[in-house]
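Student: Give the three-dimensional model of this entry:
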Amino acid sequence: MKWCKRMTALVAVLLLCVTTMAGCSRNKDDAITLRVWGAQEDQELLKEMIASFKKANPDKNYDITLGVVGENDAQKRVLEDPEAAADVFSFPNDQILTFVNAKALYEITRNKDAIIADNTEGSVESAMVNNKLYAYPMTSDNGYFLYYDSRVLSADDVKTLDGLMEAADEADKKVVMDVSDGWYCASFFLGAGCEIGLTADGKQTCNFNNADGLKAAQAIQKFTAHEAFMTGNNDIVTGAMGDTVCAAVSGTWNAEALQEKLGEGYAATKLPTFTLGDEQVQMSSFGGYKLMGVNALTKYPAEAMALAEWLTNEQNQLLRFQKRAMGPSNRKAAADANVRENLALSALTQQNAFAKSQKEVLSTFWTPVEAFGLAMENKDYSKSLQVQLDTMVQQITG
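Tutor: Model prediction:
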């Protein structure tokens, strides 16, 4: 009788072990394994976001790991080995065409309408190719606008470029803009209504040498010839502001340094209007956005989309702003009082209404525009503006 009881107990223990092992095996097999890439400085922030994602989805067993690959390196790493790449990764919007042409991004179909409605028009446009959504807008803060010293310049002074230059000259101060950088120089041409784009077979188009482009070039020539004009990089902007410089065209990356330099005089707004022929037109700009994409080869597309959507939702865009001062693309997050009180982001939001996406700008664009801008800064008028523009466009589209 004791032997039977011992055998019964042994069988029960064996059955329990088998059941436990089966359960462990089943849990392991049921785990949804995803990898996320992000910049080194975003690792702790991403950990916090992933933890909240898991908490919000207790019905699924997520195994999510993090890797250090920043936005600027994402394209190279993904295209080198798509199978080894992360399921979810962030990248700048000017890389999206390369990703799509390489069939490296999963088309976003989950909650597509809500994502489009929740984010600003410019950020959504930057994430779409041929009317298909290929990424989630994550930030809207990579553009440029005007910083100025309100102790020297009034809000009225900075409304027009002519008024800005006159006021700066009267105060014996300088206005900084790196016209020899194609990113900035293009603001005159884009403001004039000129266009840059792609043909159906992916070749660069550009009409900066048309009649409006010539007027824009004349405005650039007048601007760079002005006594108050000064070119310069970030070191010049942050180093001279508040001293010899009273205004500068730059972006959010210099906000902290300029606020420290200017103190109570720290101010920022959209770019001014400029004289195009005989009318005032708004200076345009290139608008830059950070996006989050899903690897086309992910084994868990639905779950990867759910995670990417979570990492870029209103709550987490506000968290990015709070922890990393990144500007939200989400409409509600951008309307948050704390975001609106940030002078640099507020100025960028104003300027984004006039910004153009650089999604369709190929690498052939930058050097020719840089050469034209440099000639204007150096006051090299050995060739007519029209000839210089024709040469520039030929090189861009050639």
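Student: Please make it C-alpha for all contacts and neighbour counts, starting now.
Tutor: Noted.
Student: can you tell me how far Ile236 sits from Asp113?
Tutor: 44 Å (C-alpha to C-alpha, to the nearest Å).
Student: which parts of stretch 307-315 are buried?
Tutor: Under the neighbour-count criterion of 16 or more other C-alpha atoms under 10 Å, stretch 307-315 has 307-314 buried.
Student: Adding pLDDT, distance to Pro368 and secondary structure, write those out as JSON lines.
Tutor: Output for these, formatted as JSON lines (pLDDT from 0 to 100; distance: C-alpha to C-alpha, whole Å; DSSP: H, G, I helix; E, B strand; the rest coil):
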{"residue": "Leu307", "pLDDT": "98", "distance to Pro368": "41", "secondary structure": "helix"}
{"residue": "Ala308", "pLDDT": "98", "distance to Pro368": "38", "secondary structure": "helix"}
{"residue": "Glu309", "pLDDT": "98", "distance to Pro368": "39", "secondary structure": "helix"}
{"residue": "Trp310", "pLDDT": "98", "distance to Pro368": "41", "secondary structure": "helix"}
{"residue": "Leu311", "pLDDT": "98", "distance to Pro368": "38", "secondary structure": "helix"}
{"residue": "Thr312", "pLDDT": "98", "distance to Pro368": "36", "secondary structure": "coil"}
{"residue": "Asn313", "pLDDT": "98", "distance to Pro368": "39", "secondary structure": "coil"}
{"residue": "Glu314", "pLDDT": "98", "distance to Pro368": "40", "secondary structure": "helix"}
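Student: okay, Ile236 and Asp113: which has more neighbours?
Tutor: Remark: of Ile236 and Asp113, Ile236 carries more neighbours, 14 against 10, as counted by other C-alpha atoms under 10 Å.
Student: ok so that one is a helix residue?
Tutor: Yes: checked against DSSP: H, G, I helix; E, B strand; the rest coil, Ile236 lies within a helix.
Student: want to throw the buried residues of stretch 307-315 into CSV with distance to Thr160?
Tutor: Listed next are the buried residues of stretch 307-315 as CSV, based on distance: C-alpha to C-alpha, whole Å:
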residue, distance to Thr160
Leu307, 45
Ala308, 41
Glu309, 40
Trp310, 42
Leu311, 40
Thr312, 36
Asn313, 37
Glu314, 35
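Student: from the residues you listed, which single one is nearest Ala171?
Tutor: When the buried residues of stretch 307-315 are compared for distance to Ala171 (C-alpha to C-alpha), Glu314 wins out at 43.9 Å.
Student: Cross-check the contact I'm expecting between the closest one and Ala335.
Tutor: No: judged on C-alpha atoms under 8 Å, Glu314 makes no contact with Ala335 at a distance of 10.6 Å.
Student: what do the two both touch?
Tutor: By C-alpha atoms under 8 Å, 6 or more residues apart in numbering, Glu314 and Ala335 have no common neighbours.
Student: What is the burial count for Met376?
Tutor: Using other C-alpha under 10 Å, Met376 has 22 neighbouring residues.
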